[in-house]
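A.B. asks: whatever this is, show me its structure:
(one chain, ligands or ions: 1)
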Amino acid sequence: MKGVVTVKITFLGATHEVTGSYTLLEWMEGRYLIVDYGMTQGDDDYVNEPLPVSAEKIEYVLLTHAHIDHSGNLPLLYRNGFRGTIYCTAETMNLCTIMLADSAHIQESEALSQNKKNQRAGRPEVEPLYTAEDAAATMKLFQPCHYDKIYQIDEGLSIRFTDIGHLLGSASIECFLREGNEERTMVFSGDVGNINQPILNDPKPVRAADYLMIEATYGGRLHNIQEDPVAKLVDILSRTFKRGGSVIIPSFAVGRTQELLYFFREIKKNGLIPEYPDFPVYLDSPMANEATAVFLQCDTSCLDDETKKIMLEGDNPIWFDGLQTTTDSNESKALNSNTLPKVIIASGGMCEGGRIRHHLKHNLWNAANTILFVGYQSAGTLGRIIYDGAKEVKIYGDTIEVKAEVELLNGVSGHADQAGLLNWLDMFDRKPSYVFINHGDHDSCTALEEKIKTEKGLSCLAPYSGSSFDLIRGEWIKLTAPVFQSGKKEGTQNRIVKRAKKELNAYQEAVTAAEELLERIRNMKGHANHELRQLTQKIQMIK
Ligand SMILES: [Zn+2]
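C.D. replies: Reported below is the predicted structural model:
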């Protein structure tokens with residue numbers, strides 16, 4: 001080693017936050033891989049450091065699962081020059097085909113509508129973050145792997161995927177690193193699944209690690225385990241239908257939607273709502289339809305015993321009479337002209353995009369309806385704002401009163417709670433000598449850190465973006481302080497955001513504003529001379 005740090009991990013994304021996962025591993029001097037390359041969703045509290053090496057220098061991506069907050073920036077990596085290999089399970093790859101294409105579509109349509117505004121305002125055009133072609137080209141770099149098999153992918157670098165029960169194909173990843181005579185096992189938990197979820201297996205154990213990076217989405221909380229999701233759904237549906245209302249479910253197209261279909265099948269099959277046995281369920285998401293097909297064609301080793309049994313009996317675990325799918329947006333819009341009680345499952349789990357916004361606009365104001373959340377709502381998202389009790393919200397420029405009942409189905413969280421995370425950690429025979437915590441908001445990270453230190457007696461820290469650790473010596477190379485985002489939206493009701501604003505000094509705000517201006521000017525290369533001169537004059541006036 002002779003004083004040179006050659007095996008080093010750098011924490012970049014999802015540090016004290018839940019979305020935008022990415023972590024850099026220099027497994028050998030000057031050779032890099034990243035674990036996940038996710039998109040940030042909702043408001044971020046902290047500034048994440050960009051990749052400190054160019055995309056061309058990244059040789060591999062190890063992908064824990066297909067969720068966009070873990071995979072969503074892969075086409076951007078491609079666009080920036082990455083041409084290495086992306087390793088993940090076959091199911092993750094199949095789901096990414098759908099999800100990255102969808103994400104590219106969102107990027108392109110957002111850029112298109114922004115450019116209409118820019119054109120009217122005389123502002124320069126923006127480019128989409130990435131395009132459908134980028135997403136398609138990225139898919140060619142995927143290399144599917146099986147669970148439980150060790151793959152040597154390069155000198156001194158082997159990997160193994162283990163079913164972590166969070167989403168179809170989701171995995172924790174062990175990296176077996178060898179540098180000279182030194183060997184280290186670095187484990188990335190990925191998102192740890194909940195136990196007793198429908199369709200999926202419970203998280204499977206990893207037995208040994210020198211280091212572990214563990215997620216902390218629910219690091220500070222316990223799920224309400226008393227809650228039976230089917231019973232709660234029956235309750236919510238029955239009282240909403242009695243009021244003459246509909247149940248609107250913002251759902252993640254992949255994973256959560258298939259679980260809901262599984263529950264609705266059970267409700268229908270067992271006649272659990274006798275007053276309204278034929279209630280229709282509309283699946284208003286072409287993407288959810290495609291994802292459902294991936295679920296039905298997956299390797300059955302990914303499925304739990306009950307689901308396998310239903311399939312062996314020749315039945316379909318996620319389909320039932322009364323399930324109707326919409327394809328085009330006219331069909332989607334027509335759903336709201338029919339006032340009969342129904343269930344609408346629409347894409348847009350945190351209500352940030354997708355068809356759900358349209359349904360919320362038409363249904364939030366009516367007290368007969370119920371908006372049923374079925375997953376975690378990130379700070380700053382429309383979903384979180386509604387869930388936190390806003391009296392009115394803005395959708396497509398209109399102010400909409402929130403009068404509908406707002407409910408949460410706890411029982412179907414795809415994430416382990418604090419006890420689940422600690423149980424999974426307990427299954428290590430050889431415990432990690434250091435645990436890094438990420439993928440949780442500040443309070444969740446801190447709570448889990450405290451538990452792991454005091455109850456498990458392990459060294460543990462939730463680092464901020466840019467911190468790096470020497471995996472050979474077992475010591476921090478760099479520990480960074482948090483850098484808070486400036487210009488946060490009002491109304492997020494987030495304590496940390498408020499604190500961030502307080503801590504952010506005026507000097508830094510000025511620097512940030514100037515940097516943004518410079519960036520904007522750099523993007524204006526080639527614009528009309530008079531436009532550029534006007535801008536120069538304005539800047540000179542400030543000076
Ligand atoms: Zn996830």
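A.B. asks: please enumerate the strands of the stretch 351-500 of the chain.
C.D. replies: Under the criterion DSSP state E, counting those that start in this stretch, strands of the stretch 351-500 of the chain are mapped to 370-373, 392-395, 398-401, 405-408, 434-438, 459-461, 468-470, 475-478.
A.B. asks: can you put these in JSON lines and add distance to the ion?
C.D. replies: To be clear about C-beta, it is placed using only N, CA and C from the backbone, and glycine gets the same treatment. Below are the strands of the stretch 351-500 of the chain laid out as JSON lines (distance: least, Cβ to the ion, whole Å):
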{"stretch": "strand 370-373", "distance to the ion": "16"}
{"stretch": "strand 392-395", "distance to the ion": "26"}
{"stretch": "strand 398-401", "distance to the ion": "29"}
{"stretch": "strand 405-408", "distance to the ion": "18"}
{"stretch": "strand 434-438", "distance to the ion": "13"}
{"stretch": "strand 459-461", "distance to the ion": "22"}
{"stretch": "strand 468-470", "distance to the ion": "24"}
{"stretch": "strand 475-478", "distance to the ion": "28"}
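A.B. asks: need the ones you listed in a markdown table with mean neighbour count and mean pLDDT, can you?
C.D. replies: Listed next are those as a markdown table, based on neighbours: other Cβ atoms under 10 Å; pLDDT from 0 to 100:
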| stretch | mean neighbour count | mean pLDDT |
| --- | --- | --- |
| strand 370-373 | 23 | 96 |
| strand 392-395 | 16 | 93 |
| strand 398-401 | 12 | 94 |
| strand 405-408 | 18 | 95 |
| strand 434-438 | 24 | 96 |
| strand 459-461 | 17 | 94 |
| strand 468-470 | 20 | 95 |
| strand 475-478 | 12 | 92 |
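A.B. asks: how about residue 399, nearest residue that isn't a chain neighbour?
C.D. replies: Excluding its sequence neighbours, the residue lying closest to residue 399 (Cβ to Cβ, 6 or more residues apart in numbering) is residue 392, at 5.4 Å.
A.B. asks: same check on residue 165?
C.D. replies: residue 193 (3.0 Å).
A.B. asks: the residue lying closest to residue 426 once chain neighbours are set aside and residue 448: what is the separation?
C.D. replies: Once flanking residues are discounted, residue 426 sits nearest to residue 456: 7.9 Å by Cβ to Cβ, 6+ apart. Distance of residue 456 to residue 448, computed by Cβ to Cβ, to the nearest Å: 10 Å.
A.B. asks: quick one: which of these two has more around it?
C.D. replies: Between residue 456 and residue 448, residue 448 has the larger neighbour count (other Cβ atoms under 10 Å), namely 27 against 15.
A.B. asks: which helix in the chain has the most residues?
C.D. replies: Identified as the longest helix of the chain according to DSSP state H is helix 90-121.
A.B. asks: how about the strands in the stretch 201-350 of the chain?
C.D. replies: Under DSSP E, counting those that start in this stretch, the stretch 201-350 of the chain gives strands at 211-215, 247-251, 281-284, 323-325, 343-347.
A.B. asks: of the ones you listed, which is nearest residue 102?
C.D. replies: Of all the strands of the stretch 201-350 of the chain, strand 343-347 sits nearest to residue 102, with 8.6 Å by Cβ to Cβ.
A.B. asks: what does the stretch 101-250 of the chain put close to the ion?
C.D. replies: Contact residues (Cβ under 5 Å from the ion) of the stretch 101-250 of the chain with the ion: residue 191.
A.B. asks: where does the spatially closest residue to residue 57 that is not a sequence neighbour sit: helix, strand or coil?
C.D. replies: Spatial nearest neighbour of residue 57, excluding adjacent residues (Cβ to Cβ, 6+ apart): residue 32 at 5.7 Å. Classification of residue 32 using DSSP: H, G, I helix; E, B strand; the rest coil returns strand.
A.B. asks: neighbours of residue 146, how many?
C.D. replies: Other residues within reach of residue 146, judged by other Cβ under 10 Å, total 12.
A.B. asks: kindly list the longest strand within the protein.
C.D. replies: Ranked by residue count, the top strand of the chain under DSSP state E comes out as strand 171-179.
A.B. asks: what lines up beside that one in the sheet?
C.D. replies: Paired neighbours of strand 171-179 in the sheet (DSSP bridges): strand 157-163 (antiparallel), strand 182-188 (antiparallel).
A.B. asks: dump the ones you listed to CSV, plus mean neighbour count and distance to residue 142.
C.D. replies: Compiled in CSV, the strands paired with strand 171-179 are given as follows (neighbours: other Cβ atoms under 10 Å; distance: least, Cβ to Cβ, whole Å):
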stretch, mean neighbour count, distance to residue 142
strand 157-163, 21, 13
strand 182-188, 20, 18
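A.B. asks: where along the stretch 251-400 of the chain do the helices fall?
C.D. replies: For the stretch 251-400 of the chain, the helices defined by DSSP state H, counting those that start in this stretch occupy 256-269, 286-296, 305-312, 329-334, 356-363, 382-387.
A.B. asks: now for the second one, which elements pack on it?
C.D. replies: Using 3 or more Cβ pairs under 8 Å, 6 or more residues apart in numbering; DSSP states H and E as the contact criterion, the neighbours of helix 286-296 among helices and strands are helix 90-121, helix 256-269, strand 343-347.
A.B. asks: quick check: buried residues in it?
C.D. replies: For helix 286-296, burial by neighbour count (16 or more other Cβ atoms under 10 Å) applies to 286, 287, 288, 289, 290, 291, 292, 294, 295.
A.B. asks: OK, contacts around whichever residue of the stretch 401-543 of the chain sits closest to the ion?
C.D. replies: Closest approach between the stretch 401-543 of the chain and the ion, counting by Cβ to the ion: residue 414, at 6.5 Å. Residues near residue 414 by Cβ atoms under 8 Å, 6 or more residues apart in numbering: 166, 167, 191, 193, 194, 197, 255, 256, 375.
A.B. asks: again, but for residue 305
C.D. replies: Contacts of residue 305 by Cβ under 8 Å, 6+ apart: none found.
A.B. asks: could you check how far it is from residue 314?
C.D. replies: Separation of residue 305 from residue 314 (Cβ to Cβ): 17 Å.
A.B. asks: residue 415 too?
C.D. replies: 33 Å.
A.B. asks: low-confidence ranges, the protein, go.
C.D. replies: Applying pLDDT under 70 to the chain flags residues 1-5, 42-43, 224-226, 411-412, 487-512, 543.
A.B. asks: center of it, which residue is that?
C.D. replies: In the chain, the residue lying closest to the centroid (Cα atoms, centre = their mean) is residue 69, at 3.2 Å.
A.B. asks: in the stretch 1-150 of the chain, what residue lies closest to the ion?
C.D. replies: In the stretch 1-150 of the chain, the residue that lies nearest the ion is residue 67 (3.5 Å; Cβ to the ion).
A.B. asks: ah, wrong one, I meant the stretch 151-300 of the chain
C.D. replies: Closest point on the stretch 151-300 of the chain to the ion, by Cβ to the ion, is residue 191, at 3.8 Å.
A.B. asks: show me the contacts for that residue.
C.D. replies: 64-65, 67, 70, 164, 166-167, 170, 215, 217, 414-415, 439.
A.B. asks: which phi and psi does it have?
C.D. replies: When read as degrees, to the nearest 10, the backbone of residue 191 gives phi -80, psi 120.
A.B. asks: ok, now residue 218?
C.D. replies: phi -110, psi 40.
A.B. asks: was I right to think residue 410 contacts residue 228?
C.D. replies: No. Between residue 410 and residue 228 there is no contact under Cβ atoms under 8 Å: 10.4 Å.
A.B. asks: grab the nearest non-local neighbour of residue 306.
C.D. replies: Excluding its sequence neighbours, the residue lying closest to residue 306 (Cβ to Cβ, 6+ apart) is residue 198, at 7.4 Å.
A.B. asks: helix, strand or coil for the one you found?
C.D. replies: Residue 198 is classified as coil under three-state DSSP.
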